[in-house]
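Asker: Pasting the sequence and the predicted coordinates here, then a few questions.
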Amino acid sequence: MPELPEVETVRRGLVPAMEGEVIAKAELRRLDLRHPAPPDLANRIMGQRIERIGRRSKYLLFDLSSGETMILHLGMSGRILVSGQATAGFTHDLATPEKHDHLLITMANGTRITFNDARRFGSLDLVATKDTTEHWLLKGIGPEPLGNDFNAEYLAAKLARKASPVKAVLLDQAVIAGLGNIYVSEALFRAHILPDRIANRVTKNEVPLLTTSIRDVLLEAIDAGGSSLRDHRQTDGELGYFQKSHAVYGRQGEPCRTPGCAGVIQRIVQSGRSSFFCAICQS
DNA sequence: ATGTGTTCCTGTCCGC
DNA sequence: TGCGGACAGGAACACA
């Protein structure tokens, strides 16, 4: 999935096409996503103006003039495409729905927006805007890593109480919002911490660097237009560029990029998911 | 109460 | 070229 930077990139691509515009037509083609979508979702968003497109963690939030908010999660393979934007390197005729196009929207200005998600780990829901933060999917989520509530003191307190590997703690959305498998590996590399270190063994001295590493890696990825391994596309169909600058993710067997380091990037599996690290740079 | 493993679903890639 | 297996950005849930 799209992790936080990819979702933010998608959001920024949607704002000029949708914010302040009215949804003229909507068609929900499948209800059986990760969580069942409301059967009347299309009817409830049709005719509404999109007042604002926000983001909480990896969720996109579409505030509608009706007083409802559409909550959209991209899951692992979800993407949103916008007609009229360049589609270099990716052809998807939005006029003809493809197999995994689940939600089709036509704005009053003619722009078409398509939510496509082959694996259907994504989800769609509608909630009263005032109740958004209390929605069951959102209410347990921890602070935004780019916001003021996320800082070294907070993170140190969380890590100190956890007996699981630091990798697992950083992936826990209740601890920090928006981190996923790629950026956890990248942030831990920058912080010189091995992913299988037990969280409460991360020293107080190490936490500030870990905190800034998380923030920096996310900001750089957003600046670069989001990362990508295979499925992620920006809304204009372009691949994100940040993948070129992954220091460790997906680079097992390749040389460490730290100047002067003779290390080779290694891959381990932790609770079923790959972690990447340099055993020389990280301990 | 916590921590770990499994599971949902489809697509792609790699080795034989 | 076909085929089987490994693996993929998430996260809720079942179980120890």
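Answerer: Noted; the coordinates are in hand. Residues are numbered from 1 along each chain as shown, chains lettered A, B, ... in the order given.
Asker: A:Ser83: neighbouring residues, count only.
Answerer: Neighbour count for A:Ser83, taken as other Cβ atoms under 10 Å: 17. All C-beta atoms are positioned from the backbone trio N, CA, C, and that covers glycine.
Asker: A:Arg112 is in contact with that one, correct?
Answerer: Yes - counting by Cβ atoms under 8 Å, A:Ser83 touches A:Arg112, with 4.0 Å between them.
Asker: Could you name the helices and strands sitting against the helix ranked longest in chain A?
Answerer: In chain A, with assignment by DSSP state H, the single longest helix is helix A:207-223. With contacts taken as 3 or more Cβ pairs under 8 Å, 6 or more residues apart in numbering; DSSP states H and E, helix A:207-223 sits against helix A:4-18, helix A:152-160, helix A:181-190.
Asker: thinking again about what came up before, so for A:Ser83 and A:Arg112, which residues contact both of them?
Answerer: By the contact definition Cβ atoms under 8 Å, 6 or more residues apart in numbering, A:Ser83 and A:Arg112 are jointly contacted by A:Leu94, A:Ala95.
Asker: Can you read off the pLDDT for the residue nearest to A:Arg257 when sequence neighbours are not counted?
Answerer: Distances taken as Cβ to Cβ, 6 or more residues apart in numbering place A:Ala247 nearest to A:Arg257, at 5.6 Å, with adjacent residues excluded. Listed pLDDT for A:Ala247 reads 94.
Asker: again, but for the one 4 residues further on
Answerer: Model confidence at A:Arg251, expressed as pLDDT, equals 92.
Asker: Please apply the same query to A:Leu155.
Answerer: Reported pLDDT for A:Leu155: 97.
Asker: Wait, it touches A:Leu209, no?
Answerer: No - using Cβ under 8 Å, A:Leu155 is not in contact with A:Leu209; the gap is 10.9 Å.
Asker: Between these two, tell me which one has more neighbours.
Answerer: The neighbour comparison of A:Leu155 against A:Leu209 (other Cβ under 10 Å) goes to A:Leu155, with 23 against 15.
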